[in-house]
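In: requesting a structural model of the entry that follows:
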Amino acid sequence: MTNHKRGSIICPNCRKLISADESRCPYCNISKPDAWWKNNLWTQGVSSADQIIKAIIYANIGMYIISLLFNSRLPGLSFNPFHILSPENRSLLLLGATGTIPVDKMHGWWTLVSANYLHGGILHILFNMIAFSQIAPLVSREYGVYRMFIIYTLSGIIGFRISYLAGVAFTLGASAAICGLIGAAIYYGKSRGGTYGHAIYRQIGGWALGIMLFGFVVPGINNWGHGAGILAGAAIGFFIGYNERNRESLLHKILAGSCAIITVIVLCWAVGSGISTM
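Out: Have a look, this model is predicted:
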């Protein structure tokens with residue numbers, strides 16, 4: 001009687017190649033790695049860091065294009081490079097810019113989410129997406145893609161919440177969320193130590209210092225959101241941990257999925273309610 005083996009599979013949790021006959025993954029110890037409910041679209045197809053990073057970039061670009069379409073007139077060129085192809089404040093308000101005006105006067109607490117996907121001009125979104133595309137892969141590698149998205153989403157919300165408490169009237173942009181990733185990377189580098197950890201700490205710490213200096217030189221920058229985002233990212237990184245301390249768990253995937261669902265609902269609400277009030 002021959003012993004039939006079913007070949008190899010990719011562990012849905014740690015992404016290692018293992019035998020399909022394993023009752024537990026020898027790398028991450030997850031039980032029943034071959035179960036169908038652990039090998040669905042969410043655990044396999046969307047677990048790629050590149051896919052989620054691209055999805056976030058596309059969402060930002062999509063909301064930027066929609067904000068231009070909401071303008072009452074075609075956006076023109078400006079002598080100020082920061083105002084080139086800028087959406088009107090009315091368009092941004094309809095789509096979910098945040099601050100004391102949208103929150104207090106319009107009761108728009110949902111804007112703490114939507115504002116992270118809005119930008120005030122072509123250079124604004126270009127700079128933010130370049131920064132995001134550089135820092136997000138690092139955080140995804142050291143924390144895991146699900147924890148990266150948790151840090152990105154919650155840091156943006158916390159950053160805008162703190163800036164609201166500080167009295168910032170009207171604000172938007174992905175920079176608070178990106179600063180959260182920077183804060184998480186700084187915490188990782190400092191916590192890990194060693195040559196690699198110190199190199200990350202110095203490099204990303206230089207980014208943080210540059211962002212804060214830029215905010216004090218250029219008017220109209222939400223320094224409260226940036227600073228709070230960095231601190232929030234470091235705190236979240238401390239609480240949820242990184243790969244070298246503990247691997248991503250089902251809880252992390254559920255939290256990331258909840259962040260994704262809330263984000264999609266809020267952005268769809270923003271576009272829908274904006275169209276209905278135009």
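
In: when you work out contacts or count neighbours from here on, use the C-alpha atoms and nothing else.
Out: Noted.

In: what's the first helix or strand after the helix-or-strand element of the chain with minimal mean pLDDT?
Out: Lowest by mean pLDDT, DSSP states H and E among the helices and strands of the chain is strand 8-10, with a mean of 73. Sequence-wise, the next helix or strand downstream of strand 8-10 (DSSP states H and E) is strand 17-19.

In: which residues in the stretch 51-200 of the chain form helices?
Out: 89-95, 100, 106, 111-114, 122-143, 145-165, 175-192, 194-217 (DSSP state H, counting those that start in this stretch).

In: could I get those as JSON lines with distance to I52 and mean neighbour count?
Out: As requested, these are arranged in JSON lines below (distance: least, CA to CA, whole Å; neighbours: other CA atoms under 10 Å):
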{"stretch": "helix 89-95", "distance to I52": "23", "mean neighbour count": "22"}
{"stretch": "helix 100", "distance to I52": "31", "mean neighbour count": "21"}
{"stretch": "helix 106", "distance to I52": "32", "mean neighbour count": "10"}
{"stretch": "helix 111-114", "distance to I52": "17", "mean neighbour count": "27"}
{"stretch": "helix 122-143", "distance to I52": "10", "mean neighbour count": "18"}
{"stretch": "helix 145-165", "distance to I52": "8", "mean neighbour count": "26"}
{"stretch": "helix 175-192", "distance to I52": "14", "mean neighbour count": "28"}
{"stretch": "helix 194-217", "distance to I52": "22", "mean neighbour count": "15"}
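
In: distance to M63 added to these, as TSV?
Out: Converted to TSV, the helices of the stretch 51-200 of the chain look like this (distance: least, CA to CA, whole Å):
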stretch	distance to M63
helix 89-95	8
helix 100	22
helix 106	20
helix 111-114	9
helix 122-143	10
helix 145-165	16
helix 175-192	15
helix 194-217	24
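
In: sheet partners, orientation included, of the least confident helix or strand of the chain?
Out: Next to strand 8-10 in the sheet, as set by DSSP bridges, lie strand 17-19 (antiparallel).

In: if you average the pLDDT over the partner strand, what comes out?
Out: The average pLDDT within strand 17-19 is 75.

In: what's the offset of it from the middle of its chain?
Out: On the basis of CA atoms, centre = their mean, to the nearest Å, strand 17-19 sits 31 Å off its chain's mean C-alpha point.

In: same check, this time on stretch 132-139
Out: Here the centre of stretch 132-139 is set off from its chain's centre by 10 Å, with CA atoms, centre = their mean.

In: what of stretch 246-260?
Out: 14 Å.

In: next: stretch 155-165.
Out: The answer for stretch 155-165 is 14 Å, by CA atoms, centre = their mean.

In: can you check stretch 151-164 too?
Out: Stretch 151-164 sits 10 Å away from the centroid of its parent chain (CA atoms, centre = their mean).

In: now stretch 243-256
Out: 16 Å.

In: can you check stretch 117-124 too?
Out: On the basis of CA atoms, centre = their mean, stretch 117-124 sits 16 Å off its chain's mean C-alpha point.

In: now do the same end-to-end measure for it.
Out: 11 Å (CA to CA, to the nearest Å).

In: ok, residues contacting that stretch?
Out: Applying CA atoms under 8 Å, 6 or more residues apart in numbering, the external contacts of stretch 117-124 come out as 59-60, 63-64, 67, 81-87, 92, 95-97, 125, 172-174.

In: what's the answer for stretch 183-190, then?
Out: Contacts for stretch 183-190 (CA under 8 Å, 6+ apart): 138-139, 142, 151, 196-201, 204-205, 208, 229-238, 242.

In: now that stretch: mean pLDDT?
Out: For stretch 183-190, the per-residue pLDDT averages 96.

In: for stretch 270-278, same thing?
Out: Per-residue scores along stretch 270-278 average to 87.

In: how far off centre is that stretch?
Out: Per CA atoms, centre = their mean, the centroid offset for stretch 270-278 relative to its chain is 24 Å.
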